[in-house]
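Peer 1: structure, please.
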Amino acid sequence: MEPREAALLSSILHLPAGITILSVHPSATELVIRVACHAPSMPCPECHQPSTRIHGNYQRTVADLPCAGRNVLLMLTVRKFVCSTPTCPYKIFTERLPGLVESYGRMTPRLIALVQSLGVVAGGQMGTRQADRTGIATTPSTLLRHLMQLPAPVTRAVRVLGLDDFAWKKRFTYGTILVDLERRRIIDVLPDRESATVETWLKEHPEVDIVSRDRGKEFAKAATVGAPQARQVVDRFHMVKNLSEVLRESASAPVGDGRKRAHALASHDCHVAAAHSCPREESPSGTSSQS
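Peer 2: Model (predicted):
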């Protein structure tokens, strides 16, 4: 490839300074670009002393942003240098190219940023299908792995908190998910569903005013001890689920017992739902008034 054409293509692909395109090999589904770094020296990552003595080189395959629906692969020639510092533990080191790819990376940073955006918006399976449509070859596990590398969001003050358990491994290990119901955002995930763990988290967040939970005793105990200032309500999902289970049981139970049990549960759940959707305000006299 002519130097002028290589420089023009490098500017189009926004390759970092010092990276030279050696050749381009297009196909129906891929665009393979052979690139290399021709900097005269490279600093040692340990002692930071520059070295010009080249020991050898090897090939790395790095995925980049797609082009016209085709996968773009950078065939990168990476050089190994000999460190000239006698006391340095790195006798031989590989050149670092942070503007192009990180050490042991298989994707460029800009492709990783795009994959993470797809994971945030669509998740693992849907994100992978969307990536395939745009020309990005990835898998759900790879997408989720890059998604887990994102920094945790800053937890803001939460007033209405939702508690529920979920399975890390079904029938074996469970955790607790905490949701800000006003912003409809997951704010934290706890490693288990024990009352002591949830109680500790609630004590660190005294701003919680309403706790929406299921009928489990562990969450009820945690909310009572950890957030005594908060009002506890049953979330709508478990309310409807419990009511439907009682109605199914009442169909096979004696007429009197089944009706009494269904009526009692329905009355209680309707009262809890009303309290959840219409919070009460305390009047100056100390009695509660319906807003």
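Peer 1: let me see the contact set for residue 196.
Peer 2: Residues near residue 196 by Cβ atoms under 8 Å, 6 or more residues apart in numbering: residue 222. All C-beta spots, glycine's among them, are computed from the backbone N, C-alpha and C.
Peer 1: I misspoke; the intended subject was residue 45.
Peer 2: Residue 45 neighbours (Cβ under 8 Å, 6+ apart): 90, 93, 96.
Peer 1: ok, the last one touching residue 90?
Peer 2: Read it as residue 96. No. Counting by Cβ atoms under 8 Å, residue 96 stays clear of residue 90, with 11.8 Å between them.
Peer 1: circling back to that earlier point, by neighbours, which of the contacts of residue 45 wins?
Peer 2: residue 93 (20 neighbours; other Cβ atoms under 10 Å).
Peer 1: mind giving me the packing neighbours of the helix or strand containing that residue?
Peer 2: Per DSSP states H and E, residue 93 falls inside strand 92-94. Helices and strands touching strand 92-94, by 3 or more Cβ pairs under 8 Å, 6 or more residues apart in numbering; DSSP states H and E, are strand 70-82.
Peer 1: which strands border the strand it packs on, and is each parallel or antiparallel?
Peer 2: Sheet pairing here is set by DSSP bridges, and for strand 70-82 it gives strand 30-37 (parallel), strand 54-67 (antiparallel), strand 92-94 (antiparallel).
Peer 1: where does the prediction get shaky in this structure?
Peer 2: 155, 253-291 (pLDDT under 70).
Peer 1: please parse it into its domains.
Peer 2: Following automatic domain parsing, one gets these domains for the chain: 3-106, 160-289.
Peer 1: for those domains, which one sits closest to residue 138?
Peer 2: domain 3-106 (8.4 Å; Cβ to Cβ).
Peer 1: quick one: end-to-end length of the closest one, please.
Peer 2: 27 Å (Cα to Cα, to the nearest Å).
Peer 1: and what of stretch 80-97?
Peer 2: With Cα to Cα as the measure, stretch 80-97 spans 12 Å from end to end.
Peer 1: residues making contact with it?
Peer 2: In this structure, residues lying in contact with stretch 80-97 by Cβ under 8 Å, 6+ apart are 16, 19, 37, 39, 42, 44-47, 49, 51-58, 76, 78-79, 103.
Peer 1: which of these count as buried?
Peer 2: 19, 37, 42, 44, 51, 76, 78, 79 (16 or more other Cβ atoms under 10 Å).
Peer 1: give me every residue that touches the fourth one.
Peer 2: Residue 44 makes contact with 50, 51, 81, 83, 85, 88, 90, 93, according to Cβ under 8 Å, 6+ apart.
Peer 1: residue 163: how many residues sit nearby?
Peer 2: Residues near residue 163, counting by other Cβ under 10 Å: 25.
Peer 1: element containing it?
Peer 2: Under the criterion of DSSP H and E, residue 163 resides in strand 160-169.
Peer 1: that strand pairs with which strands?
Peer 2: Note on strand 160-169: by DSSP bridges, its sheet partners are strand 173-180 (antiparallel), strand 210-213 (parallel).
Peer 1: ok, then the element right after the shortest one?
Peer 2: This means strand 210-213. Where DSSP H and E defines the elements, the next helix or strand beyond strand 210-213 is helix 217-226.
Peer 1: which is the next helix or strand following that following helix?
Peer 2: Scanning forward in sequence from helix 217-226 by DSSP H and E, the next helix or strand is strand 231-234.
Peer 1: helices or strands up against that next one?
Peer 2: By 3+ Cβ pairs under 8 Å, 6+ apart, strand 231-234 packs against strand 210-213, helix 217-226, helix 255-277.
Peer 1: residues making contact with the second one?
Peer 2: Counting by Cβ under 8 Å, 6+ apart, helix 217-226 makes contact with 163, 193-203, 211, 213, 230, 232, all of which sit outside it.
Peer 1: using CSV, write out the CA atom coordinates for that helix.
Peer 2: Only the C-alpha atoms of helix 217-226 are listed here, as CSV (Å, rounded to 0.1, in the frame of the first residue of the first chain):
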residue,chain,number,x,y,z
LYS,A,217,-40.5,-13.1,57.6
GLU,A,218,-36.9,-12.3,56.9
PHE,A,219,-37.6,-9.1,55.0
ALA,A,220,-40.3,-8.1,57.5
LYS,A,221,-37.9,-8.5,60.4
ALA,A,222,-35.1,-6.6,58.5
ALA,A,223,-37.4,-3.7,57.7
THR,A,224,-38.8,-3.5,61.2
VAL,A,225,-35.4,-3.4,62.9
GLY,A,226,-33.3,-1.7,60.2
